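Asker: got a predicted model here, sequence first, then my questions.
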Amino acid sequence: MKKLANIFLLAAALLIAACEGPVGPIGPPGIPGEDGDSFLGTVFEMENIDFTPANGYSVIKNFPSNVDIYEDDVVLVYILWEQDNGLDVWRLMPQTVFIDDENLKGEIQYNFDYTLENVRVFLEFTIPENELRPAETDNQIFKVAIIPALFASQKNVDISDINSVINASNIQMKDLGALDLNNKILK
């Protein structure tokens, strides 16, 4: 008897699920936008950054007002490390310089942190402050990339390479160019 009741319940469920009613009205059109599964990111440069005792070897840069940053976004900061045959070589921070001179041994680390409003780049070091050289503290250039977390977690993107991030096929990067500390475009 239980088998017969189960068969009737199954038949009723199939019959109800197979019923169709009239087609409903067409919904309102959606917001126009680009098709596809691309993410929007932002990149800008911070130029002429000097780490000095006066600023505590730390510089804070507010994000430009035309940049939206969300709680789940990822901020990556790259330092212009050198030029190789006229090409910029960028390194993902933090970056550590090991000093092993005859009279001086220690470390200098370029690092960063961020909030939803700003990014801070700073210098940490284990050598005496008066031993810091201008090449390590003056006229530093940083590139800041703000990208969605979902994009950053994809395996086909090498976030250690700024060019890989900027040129990835599934992200559109808005390049703001070089900005000074007051968000004025430098170039």
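Answerer: That came through, no problem.
Asker: pLDDT below threshold where in this protein?
Answerer: In the predicted model, the chain carries pLDDT under 70 at residues 1-2, 4-6, 8-21, 32-39, 168-187.
Asker: mind redoing it with 80?
Answerer: 1-24, 30-40, 149-159, 162-187 (pLDDT under 80).
Asker: that one: helices as residue ranges?
Answerer: In the chain, the segments counted as helices under DSSP state H are 2-18, 134-137, 149-152, 162-167.
Asker: buried stuff in the third one?
Answerer: Same thing as helix 149-152. Neighbour-count burial for helix 149-152 flags F151, A152 (criterion: 16 or more other C-beta atoms under 10 Å). C-beta here means a position set from N, CA and C on the backbone, and glycine is covered the same way.
Asker: which strands and helices sit next to it?
Answerer: Using 3 or more C-beta pairs under 8 Å, 6 or more residues apart in numbering; DSSP states H and E, the elements in contact with helix 149-152 are strand 39-49, strand 73-84.
Asker: pick the most deeply packed of the ones you listed.
Answerer: Mean neighbours per residue, mean count of other C-beta atoms under 10 Å, is largest over those for strand 39-49, with a mean of 19.
Asker: paired strands for it, with orientation please.
Answerer: strand 140-148 (antiparallel), strand 171-179 (parallel) (DSSP bridges).
Asker: quick one, that strand and strand 73-84 angle?
Answerer: Computed by axes from the mean of the first three to the mean of the last three C-alpha atoms, to 10 degrees, the angle separating strand 39-49 from strand 73-84 equals 50 degrees.
Asker: hey, C-alpha coordinates of strand 39-49 in PDB?
Answerer: Provided in PDB are the C-alpha atoms of strand 39-49 (Å, rounded to 0.1, in the frame of the first residue of the first chain):
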ATOM      1  CA  PHE A  39      36.600  43.100 -13.800                       C
ATOM      2  CA  LEU A  40      37.400  46.700 -13.400                       C
ATOM      3  CA  GLY A  41      40.600  47.700 -11.700                       C
ATOM      4  CA  THR A  42      42.500  51.000 -11.300                       C
ATOM      5  CA  VAL A  43      46.300  51.700 -11.500                       C
ATOM      6  CA  PHE A  44      48.200  54.800 -10.700                       C
ATOM      7  CA  GLU A  45      51.800  55.900  -9.900                       C
ATOM      8  CA  MET A  46      53.100  57.700  -6.900                       C
ATOM      9  CA  GLU A  47      56.200  59.700  -8.000                       C
ATOM     10  CA  ASN A  48      58.900  61.700  -6.200                       C
ATOM     11  CA  ILE A  49      58.400  59.900  -2.900                       C
END
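Asker: now do it: distance to the chain's middle.
Answerer: 9 Å (C-alpha atoms, centre = their mean, to the nearest Å).
Asker: for F151, which of the helices and strands packed on helix 149-152 is the nearest?
Answerer: With C-beta to C-beta as the criterion, F151 lies closest to strand 39-49 of the helices and strands packed on helix 149-152, at 4.4 Å.
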